[in-house]
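Enquirer: Generate a structure from the sequence data that follows.
(one chain, ligands or ions: 1)
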Amino acid sequence: MLARWRLTMEEELPEVVEELERLGGLRLGALDTLPHALTGGPRPGDERLRGMAARRPLVEGALAAVAARTPGVTVRRGVAAAGLVTELGTAGPPHVAGVRTAAGETVATDLVVDAMGRRSALPVMLRAAGVAPGDEERDERGFAYYGRHFRTSDGSRPPVSYSVRAFEGLTLLAIPADADVWAWVLVRPRATGRCGRCATRRCGTARSRSSRASRRNGRPASRSRTCR
Ligand SMILES: Cc1cc2nc3c(=O)[nH]c(=O)nc-3n(C[C@H](O)[C@H](O)[C@H](O)COP(=O)(O)OP(=O)(O)OC[C@H]3O[C@@H](n4cnc5c(N)ncnc54)[C@H](O)[C@@H]3O)c2cc1C
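Expert: From the prediction side, this is the model:
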């Protein structure tokens, strides 16, 4: 997560940052990895530019742990929202008054916040409730990437720092994660083939090189994952 995330969290939910560090999350900034000849050396205030490095399960784990011990917060896992409960106002569009779960239960609320991510079903739910969804903009970024986590064999800090290496049609990222884990990520334009089944020689070569280099220093900590 970028520095802005950490700063906002430290202001609003400092316990989450503490919990994440306890689980192995690290404060990292791009300046930390650059030679002093380029940055001019460390300066007061650099710490504000440090984000947090952690795998998603750790971030979710930290958030979940803090939510679980926060009075007045109830987290209901495995419950999917299937639709909105509405009541007719005297004028204008219907008023959202709750959520209907996939199990058919109705949860009445004063406020509904959509946090269903980029594939949120809210526009569908609003249409079903007779309300025109708001404007939404989507943009195709045109690249796909896949990555894998590795863990050092002896629990030591990973032997990599954050780096971006650009090749023709392919970018290779090394990303320190949390504690003794790091990731290799390959990024390439989607147009060159199906993500996860890349047959181009250059991509395959870089993938096997990064994999071999990582296996020398550690062992895989996850399956190879693809994302578009
Ligand atoms: C491969 C990849 C790498 C990324 N790397 C970074 C990074 O390094 N740093 C960074 O800051 N961001 C990164 N991002 C972006 C980041 O993951 C997203 O911006 C962030 O997760 C968005 O959070 P969100 O809570 O809005 O949605 P999400 O994290 O998508 O959460 C939505 C949640 O809603 C749940 N949900 C969906 N529908 C329903 C339903 N009907 N009922 C109940 N629950 C439902 C889903 O199961 C999910 O748990 C990355 C994204 C991807 C895909």
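
Enquirer: Check for me that Ala174 belongs to a helix.
Expert: No: per DSSP: H, G, I helix; E, B strand; the rest coil, Ala174 lies outside any helix segment and is strand.

Enquirer: Quick check: closest non-adjacent residue to Glu10.
Expert: Val17 (5.5 Å; Cβ to Cβ, 6 or more residues apart in numbering). Quick note: C-beta positions are derived from backbone N, CA and C, even for glycine.

Enquirer: mind checking pLDDT for the one you found?
Expert: Per-residue confidence at Val17 stands at 98 (pLDDT).

Enquirer: is it true that it lies in a helix?
Expert: Yes: assessed with three-state DSSP, Val17 lies in a helix.

Enquirer: Tell me if I'm right that it and Arg50 touch.
Expert: No: with contact defined as Cβ atoms under 8 Å, Val17 does not reach Arg50; the gap is 11.1 Å.

Enquirer: so what sits against both of the two?
Expert: Contact with both Val17 and Arg50 is made by residues Arg6, according to Cβ atoms under 8 Å, 6 or more residues apart in numbering.

Enquirer: how close does Arg151 get to the ligand?
Expert: Going from Arg151 to the ligand by Cβ to the nearest ligand atom, to the nearest Å gives 18 Å.

Enquirer: Start at 29, not 1
Expert: With the count now opening at 29, the last piece we talked about shows up as Arg179.

Enquirer: what's across from that residue in the sheet?
Expert: Beta-bridge pairing of Arg179 under DSSP bridges involves Val209, Arg247.

Enquirer: Run a quick neighbour tally on it.
Expert: 19 (other Cβ atoms under 10 Å).

Enquirer: Repeat that for the one 4 residues further on.
Expert: By other Cβ under 10 Å, 8 other residues sit near Gly183.
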